[in-house]
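Asks: Predicted coordinates and the sequence they were generated for:
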Amino acid sequence: MTFQDLNLLQNIQHALSDEGYTTPTPIQQQAIPIILEGTDLVGCAQTGTGKTAAFAIPILNLLHRMVGSAQKRKNIRALVVTPTRELAIQIGESFDTYGRYTNIRQLTIFGGVSQVSQVDQLKKGVDVLIATPGRLLDLHKQGYIDLDHLHNLVLDEADQMLDMGFINDVKKIIKLTPDNRQTLLFSATMPIAIRELADSFLTKPKYVSVSPISSTAETVEQHIYFVGKEDKRKLLYHLIRNEGLKQLLVFTRTKHGADNVVKALKKNGVNAEAIHGDKSQSARQRVLEAFKKNEISVLVATDIAARGIDIESLPYVLNFDLPNIPETYVHRIGRTGRAGNGGISISFCGKDEEVYWKDIQKLVKVNVKTIKDHPFPWSEVKEVIEPEKKDYRNTKKATPSRKSDASKKNKKRWY
């Protein structure tokens with residue numbers, strides 16, 4: 001199947017041709033025809049499968065037929081709700097790319113920045129709104145967002161919104177939309193709460209599933225290093241220096257850990273930056289753009305901040321801290337090996353993380369190559385140093401100080 005076989009408008013086909021798209025990915029092959037026929041959809045697809053295009057392309061196709069260029073005031077016809085600012089920006093860029101030859105206007109809104117420019121754009125009217133839950137509800141409460149004319153509602157990364165505590169906000173948003181909307185729900189995993197959400201708010205949806213979360217891309221070469229916890233930074237620098245790793249995405253478990261890794265790398269002359277929730281939106285975007293342009297060689301990120309990182313030819317992903325949730329490992333290494341390109345994932349496993357690694361192996365069922373030839377392996381036998389023995393037989397008894405005598409007297413008074 002090619003995109004020519006999907007009966008898309010020439011405006012869309014032209015944009016896809018500009019991007020070099022010829023053959024749709026499996027999730028696109030299954031989802032696009034269903035969306036074009038107006039049916040509700042639940043899609044289970046992991047990172048890097050072309051999920052964004054799977055809903056952006058058919059929505060643009062539908063809206064271009066519907067929206068007239070002479071329309072003075074545009075109404076919001078499609079709403080995409082997503083958990084993070086980075087992911088929202090990425091989706092907005094995709095709508096701009098695939099819709100460049102249409103008259104569709106999109107707006108991306110999120111918190112952490114001034115709402116002034118966002119409100120100005122809303123007043124002018126937009127066809128497609130991409131939003132994080134908090135800012136969407138806030139601007140709706142202020143009267144700037146009207147969802148009464150909505151045709152398409154997309155809930156993207158539904159499992160992540162659940163993990164981040166947005167599920168109640170999502171339910172509120174759904175209630176603000178018309179009952180006759182088309183609803184599309186995409187999620188990398190399908191926990192019970194997500195299935196219940198789908199059953200409650202979707203109408204006779206069709207289910208499509210591609211690349212289950214337990215699978216890792218065959219194009220990704222996976223390596224594991226068993227290293228002492230205290231030696232992880234040394235090993236990271238050793239690999240960067242000796243293996244020539246560039247455009248390397250490093251994952252840490254915490255924001256504080258990300259900052260510490262960057263600090264250590266900079267001390268050794270490595271051009272590294274961190275991206276996490278404590279950074280301002282402008283700082284995060286500046287760092288992300290610099291990394292995409294190869295102006296920064298190492299980007300250290302937490303899982304949530306990295307959700308919006310979409311680099312087609314990212315060569316390396318490194319798990320500085322192993323995730324305690326096995327599925328997160330699959331998400332992380334899915335950042336490399338995309339679009340048929342090869343990639344390498346590197347994981348550091350301290351002794352305290354051994355149980356995490358066993359759980360990951362049970363899930364992915366892949367023989368990951370163990371790299372033993374490195375300078376900081378686990379120490380199998382720790383050398384025990386006996387305390388120095390002293391002969392106290394000829395040592396004179398120390399004379400207590402007046403302070404110690406006083407403290408003893410005071411102590412006796414309490415008894």
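Replies: Cool, the structure landed. Here the structure is a predicted model, which is why all the values come from computation and not from measurement.

Asks: quick one: the helices in the stretch 51-200 of the chain?
Replies: 51-66, 85-98, 116-124, 133-141, 158-163, 167-175, 192-201 (DSSP state H, counting those that start in this stretch).

Asks: for the longest one, the distance to its chain's centre please.
Replies: By that I understand helix 51-66. Helix 51-66 sits 23 Å away from the centroid of its parent chain (CA atoms, centre = their mean, to the nearest Å).

Asks: Run through this structure and note the low-pLDDT ranges.
Replies: When residues are selected by pLDDT under 70, those of the chain lie in 47-48, 68-73, 211-217, 281, 304-310, 312, 339-340, 379-415.

Asks: Would you mind giving the domain segments of it?
Replies: What automatic domain parsing lists as the domains of the chain is 3-210, 220-370.

Asks: out of the helices of the stretch 51-200 of the chain, nearest to Asp278?
Replies: helix 85-98 (13.3 Å; CB to CB). For every residue, glycine as well, the C-beta is placed using N, CA and C.

Asks: what packs against that closest one?
Replies: Applying 3 or more CB pairs under 8 Å, 6 or more residues apart in numbering; DSSP states H and E, one finds that helix 85-98 contacts helix 10-18, helix 51-66, strand 106-109, strand 128-131, helix 281-292.

Asks: Save the helices of the stretch 51-200 of the chain as a markdown table, and put in mean neighbour count and distance to Asp40 too.
Replies: Shown next, in a markdown table, are these (neighbours: other CB atoms under 10 Å; distance: least, CB to CB, whole Å):
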| stretch | mean neighbour count | distance to Asp40 |
| --- | --- | --- |
| helix 51-66 | 23 | 12 |
| helix 85-98 | 21 | 19 |
| helix 116-124 | 14 | 27 |
| helix 133-141 | 17 | 20 |
| helix 158-163 | 21 | 14 |
| helix 167-175 | 15 | 12 |
| helix 192-201 | 15 | 9 |
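
Asks: export those to TSV and tack on distance to Thr108?
Replies: Below are the helices of the stretch 51-200 of the chain laid out as TSV (distance: least, CB to CB, whole Å):
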stretch	distance to Thr108
helix 51-66	13
helix 85-98	4
helix 116-124	9
helix 133-141	10
helix 158-163	17
helix 167-175	16
helix 192-201	23
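
Asks: These: which one's closest to Thr22?
Replies: Across the helices of the stretch 51-200 of the chain, Thr22 has its closest neighbour in helix 51-66 (12.9 Å, CB to CB).

Asks: relative orientation of the closest one and helix 85-98 in degrees?
Replies: Here the directions of helix 51-66 and helix 85-98 differ by 50 degrees (axes from the mean of the first three to the mean of the last three CA atoms, to 10 degrees).

Asks: Helix 51-66 versus helix 10-18: what angle between them?
Replies: Using the same axes, to 10 degrees: helix 51-66 against helix 10-18 is 150 degrees.

Asks: what's the residue lying closest to Pro191 once chain neighbours are set aside in contact with, if anything?
Replies: Leaving aside its chain neighbours, Pro191 sits nearest to Asp159 (6.3 Å; criterion: CB to CB, 6 or more residues apart in numbering). Shown in contact with Asp159 (CB atoms under 8 Å, 6 or more residues apart in numbering): 187-191, 194.

Asks: Now with 7 Å, please.
Replies: With contact taken as CB atoms under 7 Å, 6 or more residues apart in numbering, Asp159 is in contact with 187-189, 191, 194.
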